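K.L.:
Let me see the structure of the following:
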Amino acid sequence: MVTMARILAVDDSPAMRQMVSVTLRSGGHDVLEAFDGCDALNIAKKQPAVDLVITDINMPNMDGITLVRELRLLAHYRGVPLLVLTTEASVQKKQEGKAAGATGWIVKPFNPERLLETVARVVG
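P.N.:
A predicted model of the protein is given here:
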């Protein structure tokens, strides 16, 4: 039995955010949505920690790597898995994400089944 998780999905593209949310909800997860890093950080500060954050990298106002760094500074987010879902595939960007505190990296376009498997692995 897979543990249903509370997940914060962060992406500036409404279509991508919806695709991620629909995929996660089809797996029985509870999804909160944020349109950029600033919005996600506000949600994170106002609520108990979620079980997982999935964030894009390239967003206005606050990019995903800065978001990961900022979330890692919050006591209740130190142990929360932070996945990056992005078109960025360079080794340099991945290293930058890992250094900031990202748990994993998924390159867009994503496979819905693989996303759910990854969520089960990092949350389970």
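K.L.:
now stretch 7-21, how far from the chain's geometric center?
P.N.:
Centroid separation between stretch 7-21 and its chain, computed with CA atoms, centre = their mean, to the nearest Å, is 9 Å.
K.L.:
all helices of the chain, in order?
P.N.:
14-26, 37-46, 64-72, 91-100, 112-123 (DSSP state H).
K.L.:
which residues are contacting the last one?
P.N.:
Translated: helix 112-123. With CB atoms under 8 Å, 6 or more residues apart in numbering as the test, helix 112-123 has contacts from 2-3, 5, 7, 20, 23-24, 26-27, 29, 51-52, 54, 81, 83, 85, 103-104, 106. All C-beta atoms are positioned from the backbone trio N, CA, C, and that covers glycine.
K.L.:
Could you do the second one as well?
P.N.:
Contact partners of helix 37-46, identified using CB under 8 Å, 6+ apart, comprise 8, 10, 32, 34, 50, 53, 55, 59, 61-64, 66-67, 70-71, 74, 77.
K.L.:
so it versus helix 64-72, what angle?
P.N.:
Interaxial angle of helix 37-46 relative to helix 64-72 (axes from the mean of the first three to the mean of the last three CA atoms, to 10 degrees): 10 degrees.
K.L.:
hey, C-alpha coordinates of helix 37-46 in PDB?
P.N.:
What follows is the C-alpha trace of helix 37-46 in PDB, where atoms were taken according to Å, rounded to 0.1, in the frame of the first residue of the first chain:
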ATOM      1  CA  GLY A  37       9.200  30.100  -5.900                       C
ATOM      2  CA  CYS A  38       7.900  33.100  -3.900                       C
ATOM      3  CA  ASP A  39       4.400  31.600  -3.900                       C
ATOM      4  CA  ALA A  40       5.800  28.200  -2.800                       C
ATOM      5  CA  LEU A  41       7.900  29.700   0.000                       C
ATOM      6  CA  ASN A  42       4.900  31.600   1.300                       C
ATOM      7  CA  ILE A  43       2.800  28.400   1.400                       C
ATOM      8  CA  ALA A  44       5.700  26.600   3.100                       C
ATOM      9  CA  LYS A  45       6.000  29.200   5.800                       C
ATOM     10  CA  LYS A  46       2.200  29.300   6.500                       C
END
